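*Asks:* Build the 3D model from these lines:
(chains A and B)
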Amino acid sequence: MAGLKTASGDYIDASWELSVAVEELGPEAEPLTLRVTGDVHIGGIMLQIVDKIKVKQNWSDHALWWEQKKLWLLKTNWTVDKYGLQADARLRYTPQHKPVRLQLPNRRMIRVHASFSEPVFRAVAGICRVLSIRHAEELSLLRAPEEKDKKKRKGPALGTEDEFDLSGVVLPASAEQQPFRGMPAHFSDSPATEACYRMLSVSWTGLTPEHVLKMPRPSNLVEKAQINSRWLSSSRSLMQQDVRENEQLWLRFKYYSFFDLEPKYDAVRITQLYEQARWAVLLEETESTEEEMMVFAALQYHINKLSLSADPTEPAGEQGMDDLDSALSNLQVKLEGGTSTSDMLENLTAIPELNDYLRIFRPRKLTLKGYKQHWVVFKETSISYYKSREEALGEPVQQLNLKGCEVVPDVNISGQKFCIRLLVPSPEGMSEVYLRCEDEQQYARWMAGCRLAAKGRTMADSTYQSEVQNILSFLQLQRASPDAPAAPDAEAMGTQWLVSPRYQKKFKPKQLTPRILEAHQNVAQLSLTEAKMRFIQAWQSLPDFGISYFVVRFKGSRKDEILGIANNRLIRIDLAVGDVVKTWRYSNMRQWNVNWDIRQVAIEFDEHINVAFSSVSAGCNIVHEYIGGYIFLSTRSTDKGRGLDEELFYKLTGGHEAL
Amino acid sequence: MEQTCDDIDEMFSNLLGEMDLLTQSLGVETVQPPSPKESNKEYNFTVGFKDLNESLSALEDNDLDALMADLVADLTEAEQKTLQAQKTSSHYPQSEVTQSSAGVCAASSYGYKSNVPVTTTGRFEDDLPPPPPDPAFDLPLPPPPPEPLTQEELETQAKADKIKLALEKLKEAKIKKLVVKVHMNDNSTKSLMVDERQVARDVLDNLFEKTHCDCNVDWCLYEIYPELQIERFFEDHENVIEILSDWTRDSENKVLFLEKNEKYAVFKNPQNFYVANKGKNEGKEMNEKNKEFLLEESFCGTSVIVPELEGALYLKEDGKKSWKRRYFLLRASGIYYVPKGKTKTSRDLACFIQFENLNIYYGTQYKLKYKAPTDYCFVLKHPQIQKESQYIKYLCCDDQWTLQQWVTGIRIAKYGKTLYDNYKRAVQRASLASGWANLATVKPAVTAGSSLTDITGTVQANGQILQSILPASLEAQKHTEMTKDKKPNDVNGCRSVQPTSQPQTYQNKRASIKPPPPQRRSSAVSSTPLLPVQPKHGSAVFTSDPVTFPPPPPEMAEDLPPPPPDFCEDPPDFVPPPPPTCSSSSEDLLPPPPPPPASVSNKPLPVTKKVVPLPPKRQVNTERTEEPKSMGLPPSGGGSGQPDLMSDLMKALQKKRGNTS
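*Replies:* Purely as a prediction, here's the structure:
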């Protein structure tokens, strides 16, 4: 092609041979050899290759990869010389997008094409576009844990992952890398993709306690720091970081600074975020107290229940629209006239009441009396009880206004005990009253009434019936245990998996269920999206939330310590005790540098406070990127129209490697 | 003495009745409850709370004053609403309105009701002439004549309006109101009407208007339980009636109106709570931008960040006198403590208390009361608990700053972003007030001025007939309000000037009123030309007022019986006399304000003319209201003159005061 050939077959000009491996020709195929000169541009070489291969296919995604230098030759107008290519260069002609197996925050596997040639930051953006997750800058990729790690601890769980992999593999649309925005139209291509969207946007309900038990759980700060060593660098491409085709990677929310969560657009994002939060709670990556755990459990229970019937194709936020619609129609009715007012009056007057013989017990000091039968009338938010039904016209023995009271279930199904414990506030203090019901049905009706009344609502409230159903279904959960005492698994199925293993051990199911039920009453009326948001918010309010740990060695210190990186501050933590030693806020930060030679991060704060440390548990580029990333995220503006300043991100996170 | 008391009572009930009628007749939503409410109110007085349960007659004078100011404000509000409502339906010929309103009300009150619109016409005739000659008037008024509506449209609109009103009224009818006695920091008290929809912020705003304080964000309603020695400020979003209904009937609890820096300290210096170094309470400085950033970060995210707070506190053991020191931690989900032998990791923490159904209070002088280690105590209890009980939790901090941190932290955990929203609203209110500070003296003028613009605007458009009543009646009320405002102050000793030398006081007032107009003129806002009106107008009235008061001119007696039609004729008769006095007064009074340019000097005249009708009317009305009373006819005589009734009330009050002194 270029140059002159001598009689001996040598070339006498400046041309030389370049060998290029092409995967499409098969693994055993010899690399192609091309004759090139220094001034041939890369585009020309690629043309030559395609000509030589003589395989008809779309080559547009292919590009040249220089293996020794770990470099993509993407600038097709650059010449060979400009790239500094020599004859010894091993080049591969390979697609820029390759499939990877991603483990999503909900621990499901998905196969997706990712860009191997662009920086990970962009590759993630591409993946998120396919998954319809907004604000991809908050997510990133991690390497999956080492194989031996998995064998040791996750072996059995692996099976389940593979099982779900089947459903996850299907995302053909993703291969096309179409930048769909807004509603994920690309999911509606086939039933398979629709199923995939369901997987993404509806949380998985088939969880068992084993899943939780078999997941690796970090037991201390050092273990919590482990995960952070696996983050891929955002400013380099997957290929450059030796990620192989079909390799398993984790997609996770990396920066705990969630911008503009909007149920209307963020069905997948919120679900995945909820899942990540749920796992963080269940695996105690973010520690919570017993009371908080019960709230989390109740929310999970609620979300699960709603998810079973959830239709993912319904856009989230539908609920809100419904509300608006009904409000509007309400308004219309109101404006249209008198009939509605009379209805309204009827409704007002027709507040359902409950009347029954119940046994009542008022614990007092030095009392020997037990439960005593009374005729009890539950009207609006008050309970009145009489000696008998006949006396109901006269003065009640006592009347209790339940507004603001505390309602606690005291139920033992095997013992057929259905009690409601009321702590009724009065000027003198709280008075304790037990109502004992005969059966589940009666209990559910009264319990639901009490709960509404405690919130100042009557049984006329639209939520009354669903509350009754809730209570019944919860009782059902508990009933499962006495029925199948021989099958501890089934028993555990009930509620055990809703809490972290620590609390699974601490409580027996029959202790746990009432507590979750108690917490559930506060969340029972939330819609699916609201419940997820509530979970995320509760997670965010945990003191440990959003702190990424690294084992570091501070300059001048002789022992390892923990550095916590949060979205607004750096925290120095004593490794042994876990106490916070010192906190620095980014807002006081003047500048920070990385000395790449000694792998040390040095930060200067206001008032000439200087901090320097080297990272022990992870590369110092990861620490650097974490800090820079948070600072970058804080620059995001509320102006939605504005895109991200990607350059700034690389500048803040990339260090010298980016340049 | 008894006599006067009765008078007052009677007048009061008359007043209520009248307002009721007015409400009905105008067919507009009002804050006033219908008459059955009145008994209800009395119930509240007598049965509600010990300090509130004095019957009306037992109320102190200044209370009564304050109440009346309230009522007047309500009236004004009602009228303003009427104005708006009428504006929407401004195309009705006047007669139609009269009819429709008359249709709504009972026959007995017919006379009174029909009076209203009728006087309107009279007024209108008087008022209308002035505008045309005055070009300045026409110019600033943006007169976009509303598209004339078809008859059907009118009807449907009217129907819709009526339905709306009916619905509103239905709602109104159920509204509970309480008269709340608020203690001021000068040991005086003010009574004000609080309805059950009002949150603390509304009541504060109300008090701001009554007290002329600086309206800064630290003002709060503060409840004190003398029995438990606890106190706390109401959060601005809390429903006042709800809180008060937790008090027992014989409660000695009090509501105070005072400034508490603690209320919003966290928003003024968030760094002290969020960035504070452990164990140090130094008030570190932070620049405003960082503060804002910090607040945004803490309060505007998906979830509110509760300040990190932990430390040893003393806990009063249930039912014992001893205080035990424990290590507590604050989390968003509640207060926790570290059980013996455990670490403070999340999983080991034991829950001490969660914030649902709990309020936080300061405990005062607990060293003495409960032998607390220090006096820096806080208390957590269910709002309904009013007596000592094992369900009340007492905690004691080492120092003031720790106390402050805990109380603030708990409030943030409990109320979340609401707290920040409250603060922003308070700031807004405060800046509004400071913006008005230099205009404070003319405040009433401002509102009146703006309403005047509206009115004249519509006059231009064509709805004149109805609207024209408003300037007059509005202003009339303003006067009464002003007089009212003054008196309570006098009584409270806030102002030394006593109404004994009334003219003089008014003179003072006038003087104080004058300065602003020039400002306005120079600012040359579209509404400016109108603004001077009010002060002058007010002064004119004031001058005429004293005249009116002493001898109720008997001539007017004839006017009382005459049914509506006569009424329209009345005003013209009176028009002639007032102008001289008014113009003279305005001339006397006007000179002081800066010499306005020719065009401006032109203006005052029409303006004063416009005002003219008022004084005579007052006379008429004062006459009238007194007449019927002596004749034993209840409220029907009031005619168009709520304000006059008010001034009568004032007179009666003065009389009463005179008697007592």
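
*Asks:* Bridge partners for the single nearest residue of the stretch 401-550 of chain A relative to chain B, pull those for me.
*Replies:* Proximity of the stretch 401-550 of chain A to chain B (C-beta to the nearest C-beta) peaks at A:Gly429, 2.9 Å away. C-beta coordinates here come from the backbone N, C-alpha and C atoms, glycine included. Beta-bridge partners for A:Gly429, by DSSP bridges, are A:Ser426.

*Asks:* And it, what's its pLDDT?
*Replies:* Confidence at A:Gly429, expressed as pLDDT, is 81.

*Asks:* Contacts only, for it.
*Replies:* By C-beta atoms under 8 Å, 6 or more residues apart in numbering or on different chains, A:Gly429 lies in contact with B:Ile385, B:Lys387, B:Ser389, B:Gln390, B:Tyr391, B:Ile392.

*Asks:* For those, please prepare JSON lines with the additional fields pLDDT, distance to A:Leu71 and secondary structure.
*Replies:* Shown next, in JSON lines, are the contacts of A:Gly429 (pLDDT from 0 to 100; distance: C-beta to C-beta, whole Å; DSSP: H, G, I helix; E, B strand; the rest coil):
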{"residue": "B:Ile385", "pLDDT": "89", "distance to A:Leu71": "74", "secondary structure": "coil"}
{"residue": "B:Lys387", "pLDDT": "87", "distance to A:Leu71": "80", "secondary structure": "coil"}
{"residue": "B:Ser389", "pLDDT": "85", "distance to A:Leu71": "76", "secondary structure": "coil"}
{"residue": "B:Gln390", "pLDDT": "85", "distance to A:Leu71": "75", "secondary structure": "coil"}
{"residue": "B:Tyr391", "pLDDT": "86", "distance to A:Leu71": "72", "secondary structure": "coil"}
{"residue": "B:Ile392", "pLDDT": "90", "distance to A:Leu71": "72", "secondary structure": "coil"}
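
*Asks:* Would you mind trimming those to those in range of chain A?
*Replies:* When contact is defined as C-beta under 8 Å from any C-beta of the partner chain, those meet chain A at B:Ile385, B:Lys387, B:Ser389, B:Gln390, B:Tyr391, B:Ile392.

*Asks:* Domain map for chain B?
*Replies:* For chain B, the TED database gives the domain ranges B:42-73+B:173-263, B:265-277+B:285-435.

*Asks:* and the first one, what's its mean pLDDT?
*Replies:* Per-residue pLDDT values over domain B:42-73+B:173-263 give a mean of 77.

*Asks:* So among the ones next to chain A among the contacts of A:Gly429, which ones count as buried?
*Replies:* With neighbours counted by 16 or more other C-beta atoms under 10 Å in any protein chain shown, these contain buried members at B:Ile385, B:Ser389, B:Tyr391, B:Ile392.

*Asks:* nearest to chain A, of those residues?
*Replies:* B:Ser389 (2.9 Å).

*Asks:* Tell me where the stretch 551-659 of chain A has strands.
*Replies:* For the stretch 551-659 of chain A, the strands defined by DSSP state E, counting those that start in this stretch occupy A:561-565, A:569-573, A:580-585, A:589-595, A:600-605, A:609-615.

*Asks:* Those strands into TSV, with extra columns for distance to chain B, mean neighbour count and mean pLDDT?
*Replies:* Formatted as TSV, the strands of the stretch 551-659 of chain A follow (distance: least, C-beta to the nearest C-beta, whole Å; neighbours: other C-beta atoms under 10 Å in any protein chain shown; pLDDT from 0 to 100):
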stretch	distance to chain B	mean neighbour count	mean pLDDT
strand A:561-565	13	22	93
strand A:569-573	9	19	91
strand A:580-585	6	16	87
strand A:589-595	12	15	85
strand A:600-605	12	18	90
strand A:609-615	12	17	89
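
*Asks:* Out of these, flag the one nearest B:Ile353.
*Replies:* Closest to B:Ile353 of the strands of the stretch 551-659 of chain A is strand A:580-585 (C-beta to C-beta; 24.1 Å).

*Asks:* Tell me how far the closest one lies from the chain's centre.
*Replies:* Averaging C-alpha positions (C-alpha atoms, centre = their mean, to the nearest Å) puts strand A:580-585 27 Å from its chain's average.

*Asks:* Thank you, goodbye.
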